[in-house]
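Novice: Just a sequence and a predicted model for now, questions to come.
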Amino acid sequence: MNVVSLLVTLALASIAVAAAAQPTDIATFLKERGAEDAGLKLIARSPNPAIVPVSLFEKDNSVPSCGVLIAPPHGGKPRYIEIVGSEPHVDFPACVGMPSMTAFRLKGRDYVMIEYHSRETRDDTYHGFQYLVEDNDAGFVTDEKIDRRMSGEDAVLRRAEVGSAHPLDGIRQARASAMKTSFPQWRFLERDFIADSTSSFATFEDSKSHACLFAAEAGARPVSARLTEITGDARCAGVLASSRLTTPAATYYLALVKADAGRQRVGIVSVARDGNIRIEKELADALNRAEATRDIKTAKAALAARLNRQ
């Protein structure tokens, strides 16, 4: 490459970087839309500069709407995604606010969860979540699959809860949704599902084949194992309970099941701080041999004692 070509390439690259780095202009967006700033106070700070929250009064509308402006990854005009909005001359729904915006990893991709409060009637305010996933070409887009699976799960807030943030509820819903679809042939046990901001643990049953499955994920593809792989038992009558034990090095997830001849057995999966997932067969064998499986509390205490001795 000659000097002139190199200089042209560098100049074009600089222009592209400058366009991508240009801050989103909310005032210009509102003016072009014929809208006004609603000035809602309950608007969380975005965890990603490419996503800018905005509250507004749409043209001919007397109640506030809210959404986010998405900056295209290669520069250009920002794109608006509406979170809560209503038709002109209609009082509901009205955006109360977006109290939390949280970044997390799921299925190997970068997500941002937006929590919103929406007044649907004079007396009822609803609490829901919307999920944005990063796309290399378009920037952040709505993950329609998660939104459809979560539709109908919005909850009515008690008056005292309006304005309070519950970000982990939204992340838990997204992780549960991903687990369900990762193992569609199994019955997902929502009762025993455990999740936090970085990982989750799920249990599944197949009553026809008398089988149980455990799975854990830490932002990428889930790692799973059947009961037979962990304990050697041929059959599983059902999952009884689940729990977790957090240590400085890793989080340990436990599932207590009823196996052959009514025996209660425990399966253990660990998720290290770097996201590495391991089926802990040796630890499970030790607890099962010691018969520390009377209930999930006993199994958890026995696991903690064994880890402290290591």
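Specialist: That came through fine. Numbering: from 1, shown residues only.

Novice: tell me the domain boundaries of the chain?
Specialist: 21-172, 184-309 (automatic domain parsing).

Novice: Just the mean pLDDT for the longest one, thanks.
Specialist: Across domain 21-172, pLDDT averages out at 89.

Novice: Tell me which of the domains of the chain approaches Ala178 most closely.
Specialist: Nearest to Ala178 among these is domain 21-172; the distance by C-beta to C-beta comes to 5.7 Å. Heads up, the C-betas are built off the backbone N, CA and C, glycines and all.

Novice: hmm, back to that, want to throw the domains of the chain into JSON lines with mean neighbour count and distance to Ala178?
Specialist: Listed next are the domains of the chain as JSON lines, based on neighbours: other C-beta atoms under 10 Å; distance: least, C-beta to C-beta, whole Å:
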{"stretch": "domain 21-172", "mean neighbour count": "16", "distance to Ala178": "6"}
{"stretch": "domain 184-309", "mean neighbour count": "18", "distance to Ala178": "7"}
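
Novice: Spatially, what comes nearest to Cys212 if we skip its sequence neighbours?
Specialist: Nearest residue to Cys212, sequence neighbours excluded (C-beta to C-beta, 6 or more residues apart in numbering): Cys236, at 3.7 Å.

Novice: Need the three-state assignment for the one you found.
Specialist: Secondary structure for Cys236, judged by DSSP: H, G, I helix; E, B strand; the rest coil, is coil.

Novice: and it, what is it in contact with?
Specialist: Cys236 makes contact with 205, 210-212, 227, 257-259 under the criterion C-beta atoms under 8 Å, 6 or more residues apart in numbering.

Novice: Wasn't Arg244 part of a strand?
Specialist: Yes: residue state for Arg244 (three-state DSSP) corresponds to a strand.

Novice: my guess is Asn136 meets Pro73, correct?
Specialist: Yes: with contact defined as C-beta atoms under 8 Å, Asn136 counts as touching Pro73 (7.0 Å).

Novice: Tell me how far the lengthiest strand in the chain lies from the chain's centre.
Specialist: For the chain, the longest strand by residue count, based on DSSP state E, is strand 94-106. With C-alpha atoms, centre = their mean, to the nearest Å as the basis, strand 94-106 stands 11 Å off its chain's centre.

Novice: What helices and strands are in contact with that strand?
Specialist: strand 51-57, strand 65-70, strand 79-84, strand 109-119, helix 167-182 (3 or more C-beta pairs under 8 Å, 6 or more residues apart in numbering; DSSP states H and E).

Novice: Apart from its chain neighbours, what residue comes closest to Ile277?
Specialist: Closest to Ile277 by C-beta to C-beta, 6+ apart is Val223, at 4.2 Å.

Novice: thought the one you found was touching Ile279?
Specialist: Yes: with contacts counted by C-beta under 8 Å, Val223 reaches Ile279, the gap being 7.1 Å.

Novice: Name the residues contacting each of these two.
Specialist: Joint contacts of Val223 and Ile279 (C-beta under 8 Å, 6+ apart) are Val269.

Novice: Which ones among the contacts of Cys236 lie within strands?
Specialist: Going by DSSP E, the strands hold 205, 211-212, 257-258 from the contacts of Cys236.

Novice: can you give me the helices for the protein?
Specialist: Assigned by DSSP state H, the helices in the chain fall at 3-21, 26-33, 144-150, 167-182, 227-231, 281-289, 296-309.

Novice: list the helices and strands the fourth one packs on?
Specialist: On a contact count with 3+ C-beta pairs under 8 Å, 6+ apart, helix 167-182 meets strand 94-106, strand 109-119, strand 125-135, helix 144-150, strand 187-188, strand 194-195, strand 200-206, strand 211-217.

Novice: Reformat those as CSV; add distance to Asn61.
Specialist: Output for the helices and strands packed on helix 167-182, formatted as CSV (distance: least, C-beta to C-beta, whole Å):
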stretch, distance to Asn61
strand 94-106, 9
strand 109-119, 14
strand 125-135, 19
helix 144-150, 23
strand 187-188, 41
strand 194-195, 37
strand 200-206, 39
strand 211-217, 41
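
Novice: what two of the ones in strands among the contacts of Cys236 have the greatest distance between them?
Specialist: So for the ones in strands among the contacts of Cys236, where distance means C-beta to C-beta, the most widely separated pair is Ala211 and Lys258, at 12.5 Å.

Novice: still on that earlier bit, compile the contacts of Cys236 into a markdown table and extend it with columns for distance to Asp91 and pLDDT.
Specialist: As requested, the contacts of Cys236 are exported to a markdown table (distance: C-beta to C-beta, whole Å; pLDDT from 0 to 100):
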| residue | distance to Asp91 | pLDDT |
| --- | --- | --- |
| Glu205 | 46 | 96 |
| His210 | 55 | 90 |
| Ala211 | 53 | 94 |
| Cys212 | 50 | 95 |
| Leu227 | 54 | 85 |
| Val257 | 52 | 95 |
| Lys258 | 54 | 94 |
| Ala259 | 58 | 90 |
